[in-house]
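Asker: Quick one: sequence plus predicted model below, questions after.
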Amino acid sequence: MNDFKSLFKDSRNSEEHWVARATQQFTEDLYNLMERRGVSKAELARRLETSPAYITKLLRGDVNFTVRSMVRLARALDGRFVPRLEHETQPIRWVDLAANARRWAPHRAANRIEAQRHLALTPEQESGIPDTGKNHDTVAA
């Protein structure tokens, strides 16, 4: 049991953990903006001149987002991308979390669980394929 606790604690200190958290937050925000704007995956794909399958991949967080791609996605939804830095020990705003929790429909619960699982594993650990460190973002500029 102590081994699991130490592995969990170590994973929270890893860069991969924080990248996964940022990716998860961005994809949640993207989905929520799509819902508020009434934009389907097909419509977002049309606006970005890409496929609906690629939008699904984006929403799963299966791409390496760049600032350019995040800005482009936000602008396609008449939104804006606002990066924010804060100290990792800054208190969580439970009001924000509660508001976001209400937006999660039951059919998306499996995706949420899968995203949480990614927080503890690096892509290399999940796939067994070494990470080359190359950016594979395919959102056209």
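Answerer: Cool, got the structure. Residues are numbered from 1 along each chain as shown.

Asker: contacts, neighbours, all on C-alpha from now
Answerer: OK.

Asker: In which helix or strand does residue 16 reside?
Answerer: According to DSSP states H and E, residue 16 maps onto helix 15-37.

Asker: Repeat that for residue 79.
Answerer: Per DSSP H and E: residue 79 is located in neither a helix nor a strand.

Asker: Spell out which residues sit in contact with it, please.
Answerer: Neighbouring residues of residue 79 by Cα atoms under 8 Å, 6 or more residues apart in numbering: residue 33.

Asker: and it, backbone torsions?
Answerer: Backbone geometry at residue 79, expressed as degrees, to the nearest 10, gives phi -120, psi -170.

Asker: Likewise for residue 65?
Answerer: The phi and psi values for residue 65, taken as degrees, to the nearest 10, are phi -70, psi 140.

Asker: And the helices in this protein?
Answerer: Secondary structure of the chain, counting by DSSP state H: helices at 2-12, 15-37, 41-48, 52-60, 67-76, 94-103, 109-118, 123-127.

Asker: could I have stretch 43-63 exported to PDB, CA atoms only?
Answerer: Only the C-alpha atoms of stretch 43-63 are listed here, as PDB (Å, rounded to 0.1, in the frame of the first residue of the first chain):
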ATOM      1  CA  GLU A  43     -19.900  22.300 -37.200                       C
ATOM      2  CA  LEU A  44     -16.600  22.900 -35.400                       C
ATOM      3  CA  ALA A  45     -14.900  20.600 -37.900                       C
ATOM      4  CA  ARG A  46     -16.400  22.600 -40.700                       C
ATOM      5  CA  ARG A  47     -15.200  25.900 -39.200                       C
ATOM      6  CA  LEU A  48     -11.700  24.500 -38.800                       C
ATOM      7  CA  GLU A  49     -11.800  22.700 -42.200                       C
ATOM      8  CA  THR A  50     -11.000  19.300 -40.600                       C
ATOM      9  CA  SER A  51     -12.900  16.100 -39.900                       C
ATOM     10  CA  PRO A  52     -15.400  15.500 -37.000                       C
ATOM     11  CA  ALA A  53     -13.300  12.500 -36.100                       C
ATOM     12  CA  TYR A  54     -10.400  14.900 -35.500                       C
ATOM     13  CA  ILE A  55     -12.600  17.000 -33.200                       C
ATOM     14  CA  THR A  56     -13.400  13.900 -31.200                       C
ATOM     15  CA  LYS A  57      -9.700  13.200 -30.900                       C
ATOM     16  CA  LEU A  58      -9.200  16.800 -29.700                       C
ATOM     17  CA  LEU A  59     -12.000  16.500 -27.100                       C
ATOM     18  CA  ARG A  60     -10.400  13.300 -25.800                       C
ATOM     19  CA  GLY A  61      -7.100  15.300 -25.300                       C
ATOM     20  CA  ASP A  62      -5.300  12.900 -27.700                       C
ATOM     21  CA  VAL A  63      -3.200  15.700 -29.300                       C
END
